[in-house]
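**Student:** Fold the stuff below for me.
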Amino acid sequence: MLKMGFEALLGQANTEIQTISVDDAKRHLESGDVLFIDVRETQEVQNTGGLPGHVHAPRGFLEFIADPESPMHKTELSSGKRLVLYCASGGRSALAAKTLQDMGVNNVCHMAGGYTAWVESGGPVNTAE
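**Tutor:** Numbers count the residues shown, from 1 in each chain. Purely as a prediction, here's the structure:
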């Protein structure tokens, strides 16, 4: 038996991280004051595209991509900009935001509803890669 299931993990993460709405994310996109991090799998991004200017950091590699000591590190994650994480619907990005906070990244949040909510709201997207 699991000590903690995914619902409990998500519940815990959501009490410890900041969540922003799609409308807030749109305002941030327009102002350019944040960096959008897509934590979906590569195939998902290839099939559906992503937010304009996003950095792709698949959830399975996030810790390696975020750590400046890792050969997989993406310097964009150390830019000092606020990081707005998103996935397809908000679950993986919530867990990813919690992970980054646990690693010491303080300027991080995630977007409620994920890419699905973004597209449904008419938000701009880059075409599939």
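**Student:** low pLDDT regions in this protein?
**Tutor:** In the predicted model of the chain, residues 128-129 satisfy pLDDT under 70.
**Student:** Report the secondary structure state of the closest residue to residue 79 other than its chain neighbours.
**Tutor:** Ranked by Cβ to Cβ, 6 or more residues apart in numbering and with sequence neighbours excluded, the top spatial neighbour of residue 79 is residue 35, at 6.3 Å. From N, CA and C alone the C-beta is placed, and that goes for glycine too. Following DSSP: H, G, I helix; E, B strand; the rest coil, we place residue 35 in the strand state.
**Student:** and if you look at the one 5 residues further on?
**Tutor:** Local secondary structure at residue 40 is given as coil here, using three-state DSSP.
**Student:** Please report the number of neighbouring residues for it.
**Tutor:** Residues lying near residue 40 (other Cβ atoms under 10 Å) number 23.
**Student:** any idea how far it lies from residue 32?
**Tutor:** 22 Å (Cβ to Cβ, to the nearest Å).
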